[in-house]
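Q: next come a sequence and a model predicted from it.
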Amino acid sequence: MKKIATFVIILLGWATILQAQERSTFSPEDMDFETNYGHFNFWEVKLHTGGHVTSREEVEDILSNGYTGNSGLECNHPDASNGSGFTSTRNGIGFALFNVGSKEVIGNPSGLFGFINLPIIRRPKFVLGSDISVGLSYDFNPYHVDDNPQNSVIGSKVNLWAGFFLTGQFQVSMRSDITAGLGFIHFSNGRTHTPNMGLNMMGLHIGYTYHYNPIKNFTKTIDPDFQPPIRPEIVKYPKPIVTPYWEFTLFAAGGIVSTERPIGEEQGPRYPTASLVLDVNRRMTNKLLLGIGTDVFYDASIVEDFGETPSSGTDYMLLGWHFGPQFMIERFTLVGQVGFYYWKGNPDIRGNYYFRAGGKFDFTDHFYGQISLKTRNGFIADWIEWGIGFRFMNKEKYNANKSK
């Protein structure tokens, strides 16, 4: 009950902040009667229900309750079109409550997240969209050899969580929508603590969305009869012709990993990791980059794979090459790559291939930050890469595409 009360307080407080405006800064000259005048905000509440997938037999009993969650306030300022070629994206922030099973063993986590919704099918009163949510979850009860040995899936109090949803949005009035769909949620700490089997949940969700335009707080003091639009009018623009160009990126990242011991024993120590990545990318469309590159990895936890202390620093290193697409959404870029090792200091470790999944955010045209998960031997988490990158490109062609 305490967390539900906190959720309601946050929801109401968020709505109050977004509605509040400094009316003294608004004058009649600021009035604009264009079609999409104002800020098209919304808040939304969702209920999720479903079950766990890919769990160990010894924890099935404590996970059998499935999960529920509520996404809190989500605010939106959609444009009719943006630089990525997507139309009327919805994005914002939210707060979530989860019930993932036994509170005594797993905990009673909450979370903060950012999200973006990309429309797939649009009809006058129906939109089918894909939602991507990424955030931090906290209040887990992690594994402890003495205090909580039953928890063999999560070893940290704070974890990353990601959600992927397919959502139908049904308009019931100018201000209200009913939403429903299905989705997948994953909790993990990227092996910063062990155990790290993670939690994977799949199920259905239903929700209610309320739309509003806070510009009314301004305009009613100037023209009480003026009714600003509640929802944006979707304006279709011709798809811009993209000028293809090459770009080179250099990305440096660090991380922390923990080695895993058998359940019932104290988990292993934590070690530093590092990644240096050089990519060559080809801009194909307003949304898509295709690239290939090389990786230099350093993993101090490799010391535990040797029978004795490695003889040189290169024993901690791995070299690989990768390829994959990148999808651009305004300043955000989703990264997906598959890679293969061509040299390892210790030939018997880490398997033969790996994946990288993550996201970039452009601080400037050249500098960007990136958080990504590197895996080993498929989809087993290896470590989280926290880093910064620099982009080299043909500035003339890059600016030509930005202006379209």
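A: All right, it came through fine.

Q: so what are the domain limits for this structure?
A: 2-219, 246-402 (automatic domain parsing).

Q: nearest to Pro238, of these?
A: Closest approach to Pro238 among the domains of the chain (C-beta to C-beta): domain 2-219, 10.0 Å. To be clear about C-beta, it is placed using only N, CA and C from the backbone, and glycine gets the same treatment.

Q: please work out the average pLDDT along the closest one.
A: The pLDDT scores in domain 2-219 average 77.

Q: buried residues, the strand ranked longest in the chain. List them.
A: Taking DSSP state E as the criterion, the chain has its longest strand at strand 107-123. Buried residues in strand 107-123, counted by 16 or more other C-beta atoms under 10 Å: 107-111, 113, 115-119.

Q: give the helix, strand or coil label for the closest residue to Lys216 other than its chain neighbours.
A: Counting by C-beta to C-beta, 6 or more residues apart in numbering, Pro228 is the residue found nearest to Lys216 once chain neighbours are left out, at 5.6 Å. The local conformation at Pro228, judged by DSSP: H, G, I helix; E, B strand; the rest coil, is coil.

Q: separation between Pro228 and Gln169?
A: 21 Å (C-beta to C-beta, to the nearest Å).

Q: and for Tyr271?
A: Note on Tyr271: its distance to Gln169, by C-beta to C-beta, is 46 Å.

Q: likewise for Glu385?
A: Relative to Gln169, and taking C-beta to C-beta, Glu385 is found at 34 Å.

Q: for Thr167, what are its contacts?
A: Counting by C-beta atoms under 8 Å, 6 or more residues apart in numbering, Thr167 touches 117, 128-131, 179-181, 183, 205.

Q: could you export those residues as a markdown table, including secondary structure?
A: Formatted as a markdown table, the contacts of Thr167 follow (three-state DSSP):
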| residue | secondary structure |
| --- | --- |
| Asn117 | strand |
| Leu128 | strand |
| Gly129 | strand |
| Ser130 | strand |
| Asp131 | strand |
| Thr179 | strand |
| Ala180 | strand |
| Gly181 | strand |
| Gly183 | strand |
| His205 | strand |
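
Q: closest one of those residues to Val257?
A: Among the contacts of Thr167, and counting by C-beta to C-beta, the member closest to Val257 is Gly183, at 28.9 Å.

Q: tell me what the closest residue to the closest one other than its chain neighbours is bridged to.
A: Counting by C-beta to C-beta, 6+ apart, Phe165 is the residue found nearest to Gly183 once chain neighbours are left out, at 3.5 Å. Going by DSSP bridges, Phe165 is paired in beta bridges with Asp131, Gly183.

Q: so who does Phe165 touch?
A: 130-131, 133, 181-184, 205.

Q: and the gap between it and Tyr354?
A: From Phe165 over to Tyr354 (counting by C-beta to C-beta), the distance is 27 Å.

Q: Gly389 too?
A: For Gly389, the distance to Tyr354 equals 19 Å [C-beta to C-beta].

Q: alpha carbons only: can I get stretch 246-265 in CSV?
A: Backbone C-alpha positions of stretch 246-265 (Å, rounded to 0.1, in the frame of the first residue of the first chain) are rendered in CSV as follows:
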residue,chain,number,x,y,z
TRP,A,246,30.1,7.2,-44.8
GLU,A,247,30.9,7.9,-41.2
PHE,A,248,33.6,6.6,-38.8
THR,A,249,33.0,6.3,-35.1
LEU,A,250,35.5,5.7,-32.2
PHE,A,251,33.9,4.5,-29.0
ALA,A,252,35.6,3.9,-25.6
ALA,A,253,33.8,2.3,-22.7
GLY,A,254,34.4,0.8,-19.2
GLY,A,255,32.5,-1.6,-17.1
ILE,A,256,32.5,-3.9,-14.0
VAL,A,257,31.9,-7.7,-13.9
SER,A,258,31.5,-10.2,-11.1
THR,A,259,32.4,-13.8,-11.4
GLU,A,260,29.8,-16.4,-10.6
ARG,A,261,30.2,-19.1,-8.0
PRO,A,262,27.8,-22.1,-7.3
ILE,A,263,24.7,-21.2,-5.4
GLY,A,264,25.3,-21.7,-1.7
GLU,A,265,28.8,-20.1,-1.9
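
Q: buried residues in it?
A: Quick answer for stretch 246-265 (16+ other C-beta under 10 Å): 247, 249, 251, 253, 255-260, 263.

Q: list just the nearest of these to Met328.
A: For the buried residues of stretch 246-265, the residue nearest Met328 by C-beta to C-beta is Glu247; the value is 11.6 Å.

Q: I figured the closest one hits Phe392, correct?
A: Yes. Glu247 is in contact with Phe392 according to C-beta atoms under 8 Å; the separation is 6.5 Å.

Q: from the contact counts, what lies against the longest strand of the chain?
A: Applying 3 or more C-beta pairs under 8 Å, 6 or more residues apart in numbering; DSSP states H and E, one finds that strand 107-123 makes contact with strand 90-97, strand 126-140, strand 159-171.

Q: the inter-axis angle of that strand versus strand 90-97?
A: 150 degrees (axes from the mean of the first three to the mean of the last three C-alpha atoms, to 10 degrees).

Q: tell me the contacts of the closest residue to Arg231 other than its chain neighbours?
A: Closest residue to Arg231 apart from its sequence neighbours, by C-beta to C-beta, 6+ apart: His211 at 5.7 Å. If you count contacts by C-beta under 8 Å, 6+ apart, His211 has them with 40-42, 174-177, 230-231.

Q: could you redo the last one with a cut-off of 7 Å?
A: Contacts for His211 (C-beta atoms under 7 Å, 6 or more residues apart in numbering) come out as 40, 42, 175, 230-231.

Q: mind putting the helices and strands packed on strand 107-123 into CSV with distance to Asn217?
A: Shown next, in CSV, are those (distance: least, C-beta to C-beta, whole Å):
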stretch, distance to Asn217
strand 90-97, 19
strand 126-140, 27
strand 159-171, 24
